[in-house]
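Engineer: Next one to model:
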Amino acid sequence: MRVVVAGATGRIGSRTVARLRDHGVEVVPVSRRHGVDVITGDGLGEALRGAEVLVDVTDAPTRTEGAGLQFFHTATTNLLAAAVAAGVEHHMVLSVVGADWLWSDYFRAKLLQEEIVRNSPVPHSIVRATPFFESIEVMVEKNTVYDRVHVAPVLVQPVSTDDVAVAVAHVAVGLPRFGVLETAGPDVRRLDDLAGEVLTARRDGRVVVPDPQARYFGAELEERTLLPGADAHVGQKSFTEWLAQPVVPETLS
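Structural biologist: Numbering: from 1, shown residues only. Next up, the predicted model:
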């Protein structure tokens with residue numbers, strides 16, 4: 001089986017490539033580092049030649065207003081055009097839990113991506129992940145006002161990038177689902193509690209303020225909007241285990 005992974009140098013992409021290769025799958029990594037650009041389309045035709053499966057784990061380079069919509073519309077359209085031309089049999093895309101009900105530029109962009117995939121002639125699968133552990137740290141920075149971190153006191157079931165990669169790789173080599181599989185971590189926690197644990201672990205003196213009006217990457221949250229459904233695939237690594245690991249800088253492109 002020949003699987004093309006778009007976004008192969010990113011946090012999820014690099015792990016997905018490793019999981020697939022561990023199981024003997026022929027993987028073609030796609031990124032600008034490999035001479036392929038999903039926005040211009042340069043190199044896509046060659047990269048997808050002979051591929052049976054296309055895995056799209058790309059992400060917008062910035063979260064500024066409008067950037068996500070533009071990126072995912074262009075990248076997904078280009079990837080699908082190349083997939084159709086190459087006769088790809090299965091297109092698997094990574095999305096986020098909440099894409100169909102949270103209202104912000106990023107979540108709307110992910111929903112647009114899903115809609116383009118669903119309306120294409122290529123058989124598809126969509127994996128929606130709950131917030132990554134790393135996104136909690138990013139949220140802490142975005143929601144800081146002076147020495148206070150405003151965080152919505154809502155429930156969340158965050159997931160490790162390793163567990164997401166396992167789910168993505170598993171779905172990629174299976175039959176197209178023509179639908180969605182959700183994946184999440186093993187524990188349901190409060191988002192503000194997790195933010196507090198990050199600050200404690202990093203010996204950061206900032207204080208978490210539970211704030212129902214605080215946003216998550218631009219989206220207003222209700223108590224359960226970040227939780228997956230009852231039939232979600234549940235990973236193994238806990239937030240506590242992840243937080244105890246040494247901090248290692250990673251490439252996010």
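Engineer: so where's this protein shaky on pLDDT?
Structural biologist: 63-65, 247-253 (pLDDT under 70).
Engineer: which stretches of it form helices?
Structural biologist: Along the chain, the segments classed as helices by DSSP state H run 11-22, 44-48, 67-86, 105-118, 133-142, 161-172, 191-201, 239-243.
Engineer: Turn those into CSV, columns for mean neighbour count and distance to residue 229.
Structural biologist: Every residue, glycine included, has its C-beta placed from N, CA and C. Shown next, in CSV, are the helices of the chain (neighbours: other CB atoms under 10 Å; distance: least, CB to CB, whole Å):
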stretch, mean neighbour count, distance to residue 229
helix 11-22, 20, 21
helix 44-48, 19, 32
helix 67-86, 19, 23
helix 105-118, 20, 16
helix 133-142, 18, 20
helix 161-172, 23, 14
helix 191-201, 18, 19
helix 239-243, 17, 20
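Engineer: now the ones you listed as CSV including distance to residue 54?
Structural biologist: Converted to CSV, the helices of the chain look like this (distance: least, CB to CB, whole Å):
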stretch, distance to residue 54
helix 11-22, 12
helix 44-48, 7
helix 67-86, 5
helix 105-118, 10
helix 133-142, 25
helix 161-172, 9
helix 191-201, 33
helix 239-243, 29
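Engineer: Which among the ones you listed is found nearest to residue 213?
Structural biologist: helix 191-201 (12.7 Å; CB to CB).
Engineer: which secondary structure elements does the closest one contact?
Structural biologist: Counting contacts by 3 or more CB pairs under 8 Å, 6 or more residues apart in numbering; DSSP states H and E, helix 191-201 is packed against helix 133-142, strand 148-151, strand 155-156, strand 207-210, helix 239-243.
Engineer: Export those as CSV, with columns for distance to residue 101.
Structural biologist: CSV is the format used below for the helices and strands packed on helix 191-201 (distance: least, CB to CB, whole Å):
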stretch, distance to residue 101
helix 133-142, 18
strand 148-151, 20
strand 155-156, 15
strand 207-210, 22
helix 239-243, 24
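Engineer: Quick check: which of these is nearest to residue 162?
Structural biologist: Closest among the helices and strands packed on helix 191-201, using CB to CB: helix 239-243, at 9.0 Å.
Engineer: Can you give the distance of that closest one from its chain's centre?
Structural biologist: Relative to its chain's centre, helix 239-243 lies at 19 Å (CA atoms, centre = their mean, to the nearest Å).
Engineer: Other residues contacting that helix?
Structural biologist: 133, 136, 158, 160, 185, 187, 189, 194, 197, 198, 201 (CB atoms under 8 Å, 6 or more residues apart in numbering).
Engineer: now do the same end-to-end measure for stretch 205-215.
Structural biologist: Stretch 205-215 has an end-to-end distance of 22 Å (CA to CA, to the nearest Å).
Engineer: Distance from the chain centre to that stretch, please.
Structural biologist: Taking mean C-alpha positions (CA atoms, centre = their mean), stretch 205-215 and its chain are 24 Å apart.
Engineer: buried residues in that stretch?
Structural biologist: For stretch 205-215, burial by neighbour count (16 or more other CB atoms under 10 Å) applies to 206, 208, 210, 211, 214, 215.
Engineer: any idea how far the fourth one is from residue 224?
Structural biologist: It stands for residue 211. 18 Å (CB to CB, to the nearest Å).
Engineer: cool, the first one as well?
Structural biologist: Applying CB to CB, the value for residue 206 to residue 224 is 27 Å.
Engineer: now swap in the second one and tell me
Structural biologist: Counting by CB to CB, the gap between residue 208 and residue 224 amounts to 20 Å.
Engineer: pretty sure residue 67 is in contact with residue 60, am I right?
Structural biologist: Yes - contact status for residue 67 versus residue 60: in contact at 5.5 Å, counting by CB atoms under 8 Å.
Engineer: Of the helices of the chain, which is nearest residue 232?
Structural biologist: helix 161-172 (9.5 Å).
Engineer: and the closest one, what does it pack onto?
Structural biologist: Judged by 3+ CB pairs under 8 Å, 6+ apart, the packing partners of helix 161-172 are helix 11-22, strand 53-56, strand 90-96, strand 124-129, strand 180-184.
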